[in-house]
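Colleague: Fold the following and give me the result.
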Amino acid sequence: MFHVVILPGRRSGGLAPHHPPLHTLISIAGGTRKCPEVAPAAQPESCHNRALGGAMQAMKESILSTHALSKRYGQRTVVDQLELQVDRGEVFGFLGPNGAGKTTTIRMALGLVEPTAGSVELFGSDVRTHGAQVLPRVGALVESPALYGYMSGRDNLRAVGRVLGGISESRMDEVLEVIHLRGRDGDRVNTYSLGMKQRLGLGLAMLNDPDLYILDEPANGLDPAGIAEIRDLLRELAAQGRTVFISSHVLSEIQQICDRVAIIQEGRLVTLSTVAQLTESGGEFIVIVERPEAALALVRTQPWGQKARLEDLQLVVPSPSGRGRDLVQFLAGHGHWPDVIRERQQSLEEIFLDLTGREAR
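Modeller: Here you go, the predicted model:
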């Protein structure tokens with residue numbers, strides 16, 4: 001099982017003569033393996049140059065996209081004709097039940113798994129044919145980080161920094177400050193809590209200052225304060241023009257930090273929308289009337305009222321926002337004058353469960 005994927009970014013440079021060339025470092029269950037040598041990546045443009053290009057143009061630049069992406073293992077289809085597009089500066093949520101194909105999709109995006117059909121593009125180039133040019137611009141945390149427990153947190157950063165090349169102690173200081181491990185960076189990792197290890201894993205992904213972050217459950221093991229810190233960090237990265245592709249089961253956090261989300265089930269795309277559009281379309285009205293059972297029977301005669309229900313003798317009518325006036329007029333026109341009507345917006349988690357019928361994992 002892959003645990004941490006660290007891919008060099010714009011700060012990567014030459015290695016010491018005794019080090020073999022290594023452009024992709026993958027930690028697997030506590031061990032490390034080297035991917036095949038690849039050609040050096042072209043130097044990406046700086047944040048300053050991107051800013052000169054104009055915000056609107058940057059927003060429209062596709063950073064990660066999939067085209068009819070499919071993966072089959074024997075007769076079992078894990079990912080089925082998946083179509084995604086993630087633009088620069090977005091925090092993009094990738095959601096689905098356990099076994100929906102999220103991690104397989106992420107591994108195909110990182111060039112770790114070969115698609116059966118279709119393609120993944122990073123920065124406009126196919127990963128299979130231009131991986132040497134695009135993968136060095138990606139930093140990723142896939143599942144739980146595999147770290148060297150007998151080494152200190154800083155030495156873990158140094159070990160990866162030596163492989164990447166060009167990672168200074170001052171850059172490590174910056175990362176340690178961001179992940180709030182400055183006071184514990186000299187301690188052995190096997191003394192860290194689960195949340196501290198998760199933050200260190202995220203720090204390894206940040207070390208080379210990549211343009212694209214691909215994060216699988218980055219809040220795993222974090223307490224509420226740590227989750228809030230990750231939330232603020234991801235927002236800051238997006239504000240700097242970085243792009244974040246995040247898979248998480250903490251849907252309350254996804255709702256707060258993501259611009260758009262894609263929900264998949266059994267490898268197929270269920271919906272792709274902005275968080276605002278999803279939650280607005282998932283609103284419902286709570287209505288207090290004198291005869292709730294009769295009002296419920298009336299509402300259910302309408303196509304839009306098939307999912308209406310009673311909660312504590314209150315009529316609950318699923319409906320897009322802004323249609324309260326129409327509902328009042330309909331009920332009043334049939335002799336059911338509402339005493340109270342209020343709109344309640346569904347959370348992203350409620351919408352997820354409605355769409356998939358299962359819990360996020």
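Colleague: Now do the same for the residue of the chain lying at maximal distance from its centre: helix, strand or coil?
Modeller: Relative to the centre of the chain, the most outlying C-alpha is that of G335, 48.4 Å out, by Cα atoms, centre = their mean. Following DSSP: H, G, I helix; E, B strand; the rest coil, G335 is assigned to coil.
Colleague: gap between it and A295?
Modeller: Counting by Cβ to Cβ, to the nearest Å, the gap from G335 to A295 is 9 Å. C-betas here are computed from N, CA, C, even on glycine.
Colleague: can you list the weak-confidence ranges in this structure?
Modeller: Within the chain, the stretches with pLDDT under 70 are 1-59, 281-282, 320-322, 358-361.
Colleague: again, only this time at 80
Modeller: The chain contains residues with pLDDT under 80 at 1-60, 143-144, 221, 280-283, 319-323, 344-346, 357-361.
Colleague: Which segments of this structure make up each domain?
Modeller: Domains of the chain are assigned by the TED database as 62-266, 280-359.
Colleague: In terms of helices and strands, where is the residue most central in space within the chain?
Modeller: In the chain, the residue lying closest to the centroid (Cα atoms, centre = their mean) is I246, at 1.3 Å. Under the criterion of DSSP states H and E, I246 resides in strand 243-247.
Colleague: And for L112?
Modeller: Using DSSP H and E, L112 falls within no helix or strand.
Colleague: repeat for T271
Modeller: Take DSSP H and E as the rule and T271 turns out to sit in strand 268-274.
Colleague: list the contacts for the nearest residue to F94 once chain neighbours are set aside?
Modeller: What sits nearest to F94 in space, not counting adjacent residues and going by Cβ to Cβ, 6 or more residues apart in numbering, is S247, at 4.5 Å. With contacts defined as Cβ atoms under 8 Å, 6 or more residues apart in numbering, S247 is in contact with G93, F94, L95, K102, T103, I106, L215, D216, E217.
Colleague: Just those residues: which are in strands?
Modeller: Using DSSP state E, the subset of the contacts of S247 located in strands is G93, F94, L95, L215, D216.
Colleague: List just the nearest of those residues to Q133.
Modeller: Of all the ones in strands among the contacts of S247, the one with the least separation from Q133 (Cβ to Cβ) is L215, at 22.1 Å.
Colleague: What's the separation between that closest one and L296?
Modeller: Per Cβ to Cβ, L215 is found 44 Å from L296.
Colleague: now P115
Modeller: Between P115 and L296 the computed distance is 49 Å (Cβ to Cβ).
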